[in-house]
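Peer 1: need coordinates for the following:
(chains A, B, C and D)
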There are 2 protein chains.
Amino acid sequence: MLTVGEVAREAGASGSAIRFYERQGLITASRTSGNQRRFGPDAACRVRVARVAQRIGLSVGEIRDLLADLPPEPALTDWQRLHDRLTAEADRRIAELHAALGDIRSGRRLCDL
Amino acid sequence: MLTVGEVAREAGASGSAIRFYERQGLITASRTSGNQRRFGPDAACRVRVARVAQRIGLSVGEIRDLLADLPPEPALTDWQRLHDRLTAEADRRIAELHAALGDIRSGRRLCDL
DNA sequence: CTAAGACTTGAACAATTGTTGAAGTCAAGC
DNA sequence: GCTTGACTTCAACAATTGTTCAAGTCTTAG
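Peer 2: Numbering: from 1, shown residues only, chains lettered A, B, ... in the order given. Presented below is the predicted three-dimensional model:
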């Protein structure tokens, strides 16, 4: 069982971020008799996935939904599904950026100047 | 002199967003005797630029800095500078997304699974 | 067992980007 | 000049994604 700090170090996040992710349901924790969180061995992995998903542009709510379909010990198909969803979202986001670039290039129509 | 609503319609933004952009210094306004805002003819254009810049991923603070260098009646070189900066930022963002995609593909190292 | 230092907790705060709503202003018609 | 309906104002609120800090917990050495 890992503490907040251990998960934070393993995942490359801050302790407060780990607590935030738990409140938001990205990871789950049991509690000690003194009310401290203890995480399973999958926690750091889930946080790493969450951070990549954030870089792609997903909100924590969307990431919660993504991770809801990921069991504690994911099978290959689980990883594949996750992978496909993240890739699709990244592709969408890249397309949107290219579209914005197009709108910039056609700037005369933005401002009739 | 344009009202908030007129600028909003011209720029495709909400009235509250226009007021927010004024507070943040993206656009400037004079006031009527009754304290209502009145905008110059360049306001809608600046807001359109701001919205594109937001799609690229710039914050309102960054956009303020961008627009600070844009005179009320921009010359070609002003547009070019703006264009170049936005394009560079979009390219950076696209590169970051590709990097994130790379990290997803090498997922085994994310989670040693 | 107890003291000490490291770690954790939850509430309060912060930045960002707006929206909402009660009260005030404007323009047009009578 | 007054009414009326559309528009505007500003403060308060909201969602998102965390950080900060005083107070409490854990572990290790003595």
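Peer 1: the closest residue to residue A:21 other than its chain neighbours: how many residues sit nearby?
Peer 2: Excluding its sequence neighbours, the residue lying closest to residue A:21 (Cβ to Cβ, 6 or more residues apart in numbering or on different chains) is residue A:27, at 5.5 Å. Placement of C-beta: from N, CA and C, glycine included. Residues lying near residue A:27 (other Cβ atoms under 10 Å in any protein chain shown) number 24.
Peer 1: roughly how far apart are the residue in chain A that DNA strand D sits nearest to and residue A:18?
Peer 2: Using Cβ to the nearest atom of the strand, the closest approach of chain A to DNA strand D is made by residue A:34 at 2.1 Å. For residue A:34, the distance to residue A:18 equals 18 Å [Cβ to Cβ, to the nearest Å].
Peer 1: so the two - more neighbours on which side?
Peer 2: residue A:18 (28 against 5).
Peer 1: can you give me every residue that contacts the residue lying closest to residue A:94 once chain neighbours are set aside?
Peer 2: Spatially, and ignoring its direct neighbours in sequence, residue A:94 is nearest to residue B:97 (5.3 Å; Cβ to Cβ, 6+ apart). Shown in contact with residue B:97 (Cβ atoms under 8 Å, 6 or more residues apart in numbering or on different chains): A:55, A:56, A:57, A:90, A:93, A:94, A:97.
Peer 1: which pLDDT value belongs to the second one?
Peer 2: Translated: residue A:56. Model confidence at residue A:56, given as pLDDT, is 97.
Peer 1: now do the longest helix belonging to chain A: distance to the chain's middle.
Peer 2: Counting residues, the longest helix found in chain A (DSSP state H) is helix A:76-105. Here helix A:76-105 is found 14 Å from its chain centre; the criterion is Cα atoms, centre = their mean, to the nearest Å.
Peer 1: now that helix against helix B:76-105, angle please.
Peer 2: Counting by axes from the mean of the first three to the mean of the last three Cα atoms, to 10 degrees, helix A:76-105 lies at 180 degrees to helix B:76-105.
Peer 1: now do the buried residues in helix A:76-105.
Peer 2: Using 16 or more other Cβ atoms under 10 Å in any protein chain shown as the test for burial, helix A:76-105 gives A:79, A:82, A:85-86, A:89-90, A:93-94, A:97, A:100-101, A:103-104.
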